[in-house]
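> Predicted structure and sequence below. I'll ask about it afterward.
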Amino acid sequence: MNDRWLSVDEISEYLGVSKETIYRWLDKKKIPSHRVGKFWRFKTSEVDNWIINGSAASEAIDNRKVELVSEANL
């Protein structure tokens, strides 16, 4: 099991989503994360399990809805 710790920049690249999406998930307490001082850190094994269990898919759908509404309001 890979227990590497990643930063916000690294986890956004790892998951292929924007940093804004990561921060949105953090605000909603959706993505498994740990606060280390003033920094957020993510264990790859926990994030991988989060994805495998399907929690990430529902968040991706919610985020896409937000993006579509934002685009419609332009």
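Noted; the coordinates are in hand.
> longest strand in this protein, by residue count?
Identified as the longest strand of the chain according to DSSP state E is strand 39-43.
> Would you state the helices of the protein in chain order?
In the chain, the helices defined using DSSP state H lie at 8-15, 19-27, 44-52, 55-72.
> worst average pLDDT in those?
When these are ranked by mean pLDDT, helix 55-72 comes last with a mean of 56.
> so who does the residue nearest in space to the middle of the chain touch?
Compute the mean C-alpha point of the chain, and by C-alpha atoms, centre = their mean the closest residue is Ile22, 3.8 Å away. Contact analysis of Ile22 by C-beta atoms under 8 Å, 6 or more residues apart in numbering lists 8, 11-12, 15, 31. Just so you know, the C-beta spots here come from the backbone N, C-alpha and C atoms, and that holds for glycine as well.
> As TSV, the residues you listed with distance to Val47 and neighbour count would be great.
Listed next are the contacts of Ile22 as TSV, based on distance: C-beta to C-beta, whole Å; neighbours: other C-beta atoms under 10 Å:
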residue	distance to Val47	neighbour count
Val8	12	16
Ile11	7	22
Ser12	11	18
Leu15	7	19
Ile31	7	23
